[in-house]
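[1] coords please:
(2 chains)
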Protein chains: 2
Amino acid sequence: MNILIVHCHPEPRSFNAALSDIAMTSLTREGHEVHVSDLYAEGFDPVERASHFESRADPEYFSALTEQRHHVQSGTLPCDVQREIDRLQHADLVILQFPLWWHAQPAMLKGWFDRVFVYGGLYSGTRRYDRGPLQGKRAMCSVTTGAPEPTFSPTGRSGDIVSLMWPLHCSLYYVGFDVLPPQITYGVQGGGLSYQEDAAFQCHLEDAKQQWSQRLRHWQTDRPIPFTGWQDWNAQGETLPEHPLRWRI
Amino acid sequence: MNILIVHCHPEPRSFNAALSDIAMTSLTREGHEVHVSDLYAEGFDPVERASHFESRADPEYFSALTEQRHHVQSGTLPCDVQREIDRLQHADLVILQFPLWWHAQPAMLKGWFDRVFVYGGLYSGTRRYDRGPLQGKRAMCSVTTGAPEPTFSPTGRSGDIVSLMWPLHCSLYYVGFDVLPPQITYGVQGGGLSYQEDAAFQCHLEDAKQQWSQRLRHWQTDRPIPFTGWQDWNAQGETLPEHPLRWRI
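    Prediction:
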């Protein structure tokens, strides 16, 4: 199978980089073909803006959706966006590897959604959710947090990790992905005093790598997160009363 | 009072720009002093990375938190970051005006959190949440969505707006803000055929401007969203059993 790792961290020797490396090694060893989008190393520009579109559909008023749809149709999307779309379309599994910064993905990865998930290409009004163009593919987040696991609860100091991941999982589902439960590695300190040279860091890292490579052995059979879909909604996008609550189980 | 509007939209004639303008006009008319951080117009760089720090605390290994703390202490933060911090410290109310892109704020605004909410300055291990440095100040999001209001429910097509706003509200609370309930303007189409010249657009815009300026009349007395705080947690950041559920009411 074909696997894409979208890697988002500014430091090549980071904990996150080690997790991407072990995923690459483990999955390659099992016979898969693995590609990596290293957003920082490739200098990806995460800001959706007018200057990305050389010839504008509407030169007077910049609407991201208008320009995206126009440039999909004319085959003139920005090179970096088209490259990411090609990688997504080639992949059977997409892994997003990133640290939780300010309760979400870093801006670099947020902008990967803003720019790459183009209107008219990766979704339209009728082709989204369980009818999205990427249906049949799987996606999974591998996330590191600074705070330790016991603080993550609905009333705990760090809040509920399911709620924090929810917007990102919604975005993946929106274009058709089956979204697998995330791999969360808690308590990864990003600051501090040469933490990366510390014995405790190495110990934590080895443990996290082992758990991650074990988890990756059954990505093809893991049960995706259930979402409501077209069969649950009326034409206005409201829930049909006869359908039970399937959202966020 | 002093008010900061952090405005995030790439098009100067957008619906979002009109909402920032009416906020500026309404609040100025009531005698407040209003400043605007127009992130796109000012060319803010939302990507936290090594190149922002000329002299590094650790030249070998880039940790955002290590560099942030070091440059706070030495008074050598990047100019754009220091400018935003000065604006925040001057403000009694901070308004974030943005469109909901991919279930969250645009990358441009996400990176404003990543870069401006610096470790050692706007928070530390002991100075965060209801002990955060910005306590006593208020913050409010004013958000436009593409999808119409009836689709936003926990099992509806667009999901629960409270859940989607949750990570962002957590980030504001983290540095000490009292977070006011957001102003949501639903069904603002960003794509389409010269929507901005359409009579329906003008009608929707006039209605939204009126609701927004009315809302702004009582920002000083609106009740903030309740969060759990230090009194609810033990030293490990877990919820104390004797405290009731106060989170997300």
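[2] what residues sit buried inside the helix ranked longest in chain A?
    In chain A, with assignment by DSSP state H, the single longest helix is helix A:199-215. Across helix A:199-215, burial judged by 16 or more other CB atoms under 10 Å in any protein chain shown covers A:201, A:204-205, A:208-209, A:212-213, A:215. Any C-beta I mention is one placed from the backbone N, CA and C, and that applies to glycine too.
[3] and the residues you listed, which is closest to chain B?
    In terms of CB to the nearest CB, no member of the buried residues of helix A:199-215 lies closer to chain B than A:Phe201, at 11.0 Å.
[4] need the worst-confidence member of the buried residues of helix A:199-215.
    Within the buried residues of helix A:199-215, A:Phe201 has the lowest pLDDT, namely 82.
[5] quick one: secondary structure of A:His169?
    Judged by DSSP: H, G, I helix; E, B strand; the rest coil, the three-state class of A:His169 is helix.
[6] would you confirm that it contacts A:Ile225?
    Yes: shown here, A:His169 and A:Ile225 form a contact pair, counting by CB atoms under 8 Å, at 6.2 Å.
[7] am I right that A:Ile111 is in a strand?
    Actually, residue A:111 is Gly rather than Ile. No: assessed with three-state DSSP, A:Gly111 is helix; it does not lie in a strand.
[8] contact partners for it?
    Going by CB atoms under 8 Å, 6 or more residues apart in numbering or on different chains, A:Gly111 touches A:44-48, B:46, B:106-108, B:110.
[9] with A:Asp130 instead?
    Going by CB under 8 Å, 6+ apart, A:Asp130 touches A:176, A:227, A:229-230.
[10] assign a three-state SS to it, would you?
    Here A:Asp130 is recorded as helix under three-state DSSP.
[11] likewise for A:Leu19?
    Reduced to three states by three-state DSSP, A:Leu19 is helix.
[12] next one: it from chain B, what distance?
    Going from A:Leu19 to chain B by CB to the nearest CB, to the nearest Å gives 16 Å.
[13] average pLDDT across stretch A:162-176?
    Predicted confidence along stretch A:162-176 averages 96 (mean pLDDT).
[14] check stretch A:238-249 too.
    Stretch A:238-249 comes out at a mean pLDDT of 56.
[15] what touches both of A:His169 and A:Ile225?
    Joint contacts of A:His169 and A:Ile225 (CB under 8 Å, 6+ apart) are A:Val179.
[16] looking at the two, which is more packed in?
    Using other CB atoms under 10 Å in any protein chain shown as the criterion, A:His169 and A:Ile225 rank with A:His169 on top: 24 against 20.
[17] what about the residue most central in space within chain A, which helix or strand?
    Taking CA atoms, centre = their mean, the centroid of chain A lies closest to A:Leu96, which sits 4.3 Å from it. Using DSSP states H and E, A:Leu96 sits within strand A:93-99.
[18] just to be sure, A:Gln89 is in a helix?
    Yes: checked against three-state DSSP, A:Gln89 lies within a helix.
[19] mind checking how far the closest residue in space to it that isn't next to it in sequence is from A:Arg215?
    Excluding its sequence neighbours, the residue lying closest to A:Gln89 (CB to CB, 6 or more residues apart in numbering or on different chains) is A:Leu134, at 7.8 Å. Per CB to CB, to the nearest Å, A:Leu134 is found 22 Å from A:Arg215.
[20] A:Pro226 too?
    As judged by CB to CB, A:Pro226 and A:Arg215 stand 20 Å apart.
[21] also A:Arg127?
    From A:Arg127 to A:Arg215 the distance is 31 Å (CB to CB).
[22] equivalent analysis for A:Cys203, please.
    For A:Cys203, the distance to A:Arg215 equals 19 Å [CB to CB].
[23] repeat for A:Ala64
    From A:Ala64 to A:Arg215 the distance is 35 Å (CB to CB).
[24] no further questions, thank you.
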